[in-house]
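Engineer: Sharing a model that was predicted from the sequence below.
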Amino acid sequence: MSKMSFKSAKFLALVLFFLLAKSVLPAENFRVRKIHFALLEDSPSSESTFVTGINDSICVKFPENHEFIEGIEVKVQIPSAVSSWQDSVAFSLYDNVSPVPRENLIDYSGTRLFLQPLPSKVYWIAQIPLSKNASSIKDSAYTTKINVIPNIKSGFSFIRFMQVMKGVPEETLNSHLTVTVKPCLSNMGRMTIFLEGENSDAIHPVDVFMDGKTILSHFEGKTHSALMKPGLYNLNVQSSDYRNEVRSVVVEQAKNTFVRISLKSLQPRLSVTAPDNADIFLDGKKITETGKDFEISEGEHRIRFVLGNYEVIRNISAEKGKSYVANLNVDLKISEE
């Protein structure tokens, strides 16, 4: 076909493309040469690259929890044999694809949501939003935002490349596209706080502060989760029934950060350490477990260490909300005179 006659055909095809792109078509039956599979994860390193023919499809699969995936980015490296014959190959997006895509299956039906010819460029990048609130997806000089939202309740999205013009040379028909698929990730992260009591399932009311601001007041639950901007946060849990708990927490983009806090009562606590062959007595009762703190009552206590013929006795005046460490350290010092 001559270049002149090809231009006429191209004009008619372009009119058809614009009409198709503006409307949602009923389900259509189609055949692909081959289907490729990309499994997206909510990670910046999640990426799949394929070498496809101009009549191949890509099934983009999503994990069960894809909270941080706001969209799909598709980068197409276009060979000169395709870009020089502008509008000969198109990118399309389908919904309601049946049957569920699988390897070696080439016949499908589906509803076409979007169709656009590949431009006369070396690269073309398209971003497909998965919701109206996909803030990470915007039109730019280098990126085309696809203004339709696919239904991914079935767990996948279906991309199809297709020849849309007759009379193109054999070189174009046999061309290969290099296609990279990756997620468009949310700019937010999530912090999940777990509160654990000591001896009871019930949690007494607590106040939770983030960077000095109250985020929970008289909270009696065990779990709180919220989306947050990435960064370093100072977390403080206060209560008239528990000791203050302070944590520094880093929230990362597109990640869930878990913070577990064991709430401790205001009863005084004591931790004892001593050599293995030492006997330890608290108020006359022998202590068998060392190195781990435990509750003691408020008031006066006597602690006695016995190591062979060596004995040390100390008194402790225990106060509410305080912790104490009793450490027997036997050392030999040599000095020069």
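Structural biologist: Now that the structure is in, tell me what you want to look at. Residues are numbered from 1 along each chain as shown.

Engineer: next SSE after the worst-scoring helix or strand of the chain on mean pLDDT?
Structural biologist: Across the helices and strands of the chain, mean confidence by mean pLDDT, DSSP states H and E is lowest for helix 3-21: a mean of 48. Read in the C-terminal direction, the helix or strand following helix 3-21 is strand 28-31, with elements assigned using DSSP states H and E.

Engineer: Name the residues of that following strand that are buried.
Structural biologist: residue 30 (16 or more other Cβ atoms under 10 Å). For every residue, glycine as well, the C-beta is placed using N, CA and C.

Engineer: Repeat that for stretch 144-154.
Structural biologist: Going by neighbour count (16+ other Cβ under 10 Å), the buried part of stretch 144-154 is 144, 146, 150, 152, 154.

Engineer: Which members of those residues occur in strands, if any?
Structural biologist: Secondary structure assignment (DSSP state E) places residue 144 from those within strands.

Engineer: Please tabulate the buried residues of stretch 144-154 in JSON lines, including the columns pLDDT and distance to residue 47.
Structural biologist: As requested, the buried residues of stretch 144-154 are arranged in JSON lines below (pLDDT from 0 to 100; distance: Cβ to Cβ, whole Å):
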{"residue": "144", "pLDDT": "93", "distance to residue 47": "19"}
{"residue": "146", "pLDDT": "94", "distance to residue 47": "19"}
{"residue": "150", "pLDDT": "95", "distance to residue 47": "20"}
{"residue": "152", "pLDDT": "94", "distance to residue 47": "19"}
{"residue": "154", "pLDDT": "93", "distance to residue 47": "23"}
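
Engineer: Just the closest of the buried residues of stretch 144-154 to residue 28, please.
Structural biologist: Comparing those against residue 28 with Cβ to Cβ places residue 150 closest, at 15.9 Å.

Engineer: is the residue lying closest to the closest one once chain neighbours are set aside in a bridge, and if so with what?
Structural biologist: Distances taken as Cβ to Cβ, 6 or more residues apart in numbering place residue 157 nearest to residue 150, at 4.8 Å, with adjacent residues excluded. Under DSSP bridges, the beta-bridge partners of residue 157 are residue 60.

Engineer: ok, residue 157 touching residue 93?
Structural biologist: Yes - with contact defined as Cβ atoms under 8 Å, residue 157 and residue 93 form a contacting pair (7.2 Å).

Engineer: joint contacts of the two?
Structural biologist: When Cβ atoms under 8 Å, 6 or more residues apart in numbering defines a contact, the residues bordering residue 157 and residue 93 alike are 128, 150.

Engineer: Could you export stretch 65-81 as CSV, CA atoms only?
Structural biologist: The C-alpha atoms that make up stretch 65-81 are tabulated as CSV, following Å, rounded to 0.1, in the frame of the first residue of the first chain:
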residue,chain,number,x,y,z
ASN,A,65,-4.6,-6.9,50.5
HIS,A,66,-3.8,-4.1,48.0
GLU,A,67,-4.6,-1.1,50.2
PHE,A,68,-1.6,0.9,49.1
ILE,A,69,-1.9,0.1,45.3
GLU,A,70,-3.6,3.2,43.8
GLY,A,71,-3.1,2.3,40.2
ILE,A,72,-1.2,0.4,37.5
GLU,A,73,1.7,2.0,35.5
VAL,A,74,2.4,0.5,32.1
LYS,A,75,5.6,1.6,30.3
VAL,A,76,5.8,0.5,26.6
GLN,A,77,9.0,0.6,24.6
ILE,A,78,7.8,1.1,21.1
PRO,A,79,10.0,-0.2,18.2
SER,A,80,10.6,2.0,15.2
ALA,A,81,8.6,-0.5,13.0
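
Engineer: and the residue nearest to residue 150, what does it touch?
Structural biologist: For residue 157, the contact set (Cβ under 8 Å, 6+ apart) comprises 59, 60, 62, 72, 93, 128, 150.

Engineer: While we're on the first one, how confident is the model there?
Structural biologist: I take that to be residue 59. Per-residue confidence (pLDDT) for residue 59: 98.
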